[in-house]
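Asker: coordinates for the following, if possible.
(chains A, B and C)
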Amino acid sequence: MSAITRHLPDGRLSRGVVHGNLVYVAGTTADQRARPIKDQTAEVLAKIDAVLAACGSDKSRILTATVYVADMRLKPGMDEAWLAWVDKANPPARATVETRLGTPDTLVEIMCIAAKS
Amino acid sequence: MSAITRHLPDGRLSRGVVHGNLVYVAGTTADQRARPIKDQTAEVLAKIDAVLAACGSDKSRILTATVYVADMRLKPGMDEAWLAWVDKANPPARATVETRLGTPDTLVEIMCIAAKS
Amino acid sequence: MSAITRHLPDGRLSRGVVHGNLVYVAGTTADQRARPIKDQTAEVLAKIDAVLAACGSDKSRILTATVYVADMRLKPGMDEAWLAWVDKANPPARATVETRLGTPDTLVEIMCIAAKS
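Answerer: Okay, the predicted model is just below:
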C-alpha cells in the first residue's frame, strides 16, 4: 500500500498531505482578516510556503492552484500579491472563482497541488 | 499508455475514475434533498464510501476534498456529519466554500481524490 | 527530482502543466463572451483540447473536471455542449457548481486533470 503522510492533522483536516511525489495543500485563509485582500493573499501564500516546506516541496513546484475570492472586484489585489510571490518561470495552472468563504471577512482562500522536490 | 478505469460512467460523467494509484471521485450530492444539511452530508459521505470501495480505496486514504455548501451558515451541520465520519487520524486536506449547487434544495456537494489501497 | 513541463506560462499561470503521467489544465474561459453558454462551453472545450494535445493527452484521458457556471439555470446549455464533446465511453469524474467568474459575461469556466497518453 502506498504511504500517505499527513501534516498537522487536527482530527477534521490536514494542512498538507503527501502521497507518492505529490503534495495536496488544504484550503488556506488568512488570520489577519481585517486586512485588505492583498495582505490576506500575502499571508495565505506565506502559510502555503510553510506547508510546502514541511511537505518537501516549494512554490516553484506547484502544479495547480484554485483561488477563491469573496468578491471578483477584489481580484486585482489578490493578483498583485500573487505576482509578487509566484515563481514567474514556473507558474501553476490556476483558476480564480468568486465564492463566499468561511467568514464574511475572509477575502481569499487558496488550495493547491504540488510536486515533491 | 497508463490504464484508466471508470466506475459507473453514464455517458456524461463517471462516479469514480481510477488511474495509477489515485482515485478521482465525482462531485457527490444527496438524493434526500428535503433533509437538513447534516443528513444530506451523511448521505453524500455514504455514497463516497461506496465509490471509494468500488475503486479500491476507503475514507482513510482520501488525500484532498473540496466541500461546496449552498450557504456558509449551514457549515456547522456539514461539519457535524463530517466529524462523525472522517478517519480522525487520517483526515484529508480540505477546502469548504459556498456556491449554488445543482438544485435549490441541494445543500452540499463533495468531490475528492484518494489513494488506492 | 521529478520533471515538470509548463505549457504557455505567462508569468502568472500556465495553461497546462505536465508532471509524471498527469496533466493539469488551468481554468479555461471563452473569448467570445457575448455568446450564450452553449457556445462559450464549446469554445472552452476546444481550448482544452488544444492544451491537452500540447501536453500529450486528449479528452478520452480526462480524469476529473470542475465546471463553474455563472448561473445554474444555464447548466443545460453547458451540458448540451459537453455532451456533444465528451468521449461518452470515457467521461471524467465531474462537479458543476455556480460561482461568479472573472468578468460578468463569463458564463462558464472549466478546469481539469488528465492522464498523459
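
Asker: assign A:P91 to helix, strand or coil.
Answerer: coil (DSSP: H, G, I helix; E, B strand; the rest coil).

Asker: what does chain A put close to chain B?
Answerer: Contact residues (C-beta under 8 Å from any C-beta of the partner chain) of chain A with chain B: A:1-2, A:4, A:6, A:9-17, A:19-20, A:22, A:24-27, A:66, A:68, A:99-102, A:109, A:111, A:113. Bear in mind the C-beta positions are built from the backbone N, C-alpha and C, glycine included.

Asker: just the residues you listed that are near chain C?
Answerer: Applying C-beta under 8 Å from any C-beta to the residues of chain A next to chain B, one finds that A:66, A:99, A:113 fall near chain C.

Asker: now, which of the residues you listed lie within strands?
Answerer: Judged by DSSP state E, strands contain the following of these: A:66, A:113.

Asker: got the ones next to chain C among the residues of chain A next to chain B as TSV, with neighbour count and pLDDT columns?
Answerer: Shown next, in TSV, are those (neighbours: other C-beta atoms under 10 Å in any protein chain shown; pLDDT from 0 to 100):
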residue	neighbour count	pLDDT
A:T66	23	98
A:T99	22	98
A:I113	27	98
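
Asker: I'd like to know which of the ones next to chain C among the residues of chain A next to chain B is nearest to chain B.
Answerer: In terms of C-beta to the nearest C-beta, no member of those lies closer to chain B than A:T99, at 4.0 Å.

Asker: can you report how many residues lie near the closest residue to the closest one other than its chain neighbours?
Answerer: With C-beta to C-beta, 6 or more residues apart in numbering or on different chains as the criterion, A:T99 has its nearest non-adjacent residue at 4.0 Å, and that residue is B:V97. Residues near B:V97, counting by other C-beta atoms under 10 Å in any protein chain shown, number 25.

Asker: in the sheet, who's paired with the single nearest residue of chain A relative to chain C?
Answerer: Residue nearest to chain C within chain A: A:A95 (2.6 Å; C-beta to the nearest C-beta). Under DSSP bridges, the beta-bridge partners of A:A95 are A:T66.

Asker: residues contacting the residue with the largest distance to the centre of chain A?
Answerer: In chain A, the residue that sits farthest from the middle, by C-alpha atoms, centre = their mean, is A:M1; the gap is 28.2 Å. A:M1 makes contact with B:S117, according to C-beta atoms under 8 Å, 6 or more residues apart in numbering or on different chains.

Asker: tell me the spacing between it and B:S57.
Answerer: 10 Å (C-beta to C-beta, to the nearest Å).

Asker: now for A:S57: which residues touch it?
Answerer: Going by C-beta under 8 Å, 6+ apart, A:S57 touches A:23, A:114-117.

Asker: scan chain A for its longest helix.
Answerer: Among the segments of chain A that qualify as a helix by DSSP state H, the longest is helix A:37-54.

Asker: neighbouring contacts of that one?
Answerer: If you take C-beta under 8 Å, 6+ apart as the criterion, helix A:37-54 is touched by A:7-8, A:15-16, A:23, A:25-26, A:28-33, A:35, A:58-59, A:61-62, A:69-70, A:74, A:77-78, A:80-82, A:84-85, A:106-110, A:112, A:114.

Asker: taking those one by one, which sit in helices?
Answerer: Those of those lying in helices (DSSP H): A:77-78, A:80-82, A:84-85.

Asker: could you dump those into TSV with distance to A:L45, neighbour count and pLDDT added?
Answerer: Output for the ones in helices among the contacts of helix A:37-54, formatted as TSV (distance: C-beta to C-beta, whole Å; neighbours: other C-beta atoms under 10 Å in any protein chain shown; pLDDT from 0 to 100):
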residue	distance to A:L45	neighbour count	pLDDT
A:G77	13	18	98
A:M78	10	25	98
A:E80	12	14	98
A:A81	7	21	98
A:W82	7	24	98
A:A84	9	11	98
A:W85	5	16	98
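
Asker: quick check, nearest of the residues you listed to chain B?
Answerer: Closest approach to chain B among those (C-beta to the nearest C-beta): A:M78, at 14.8 Å.

Asker: next, the contact list for that closest one, please.
Answerer: A:37-38, A:41, A:67, A:69, A:96, A:107-108.

Asker: give me the below-cutoff pLDDT ranges for chain A.
Answerer: Within chain A, no stretch has pLDDT under 70.

Asker: many thanks, have a good one.
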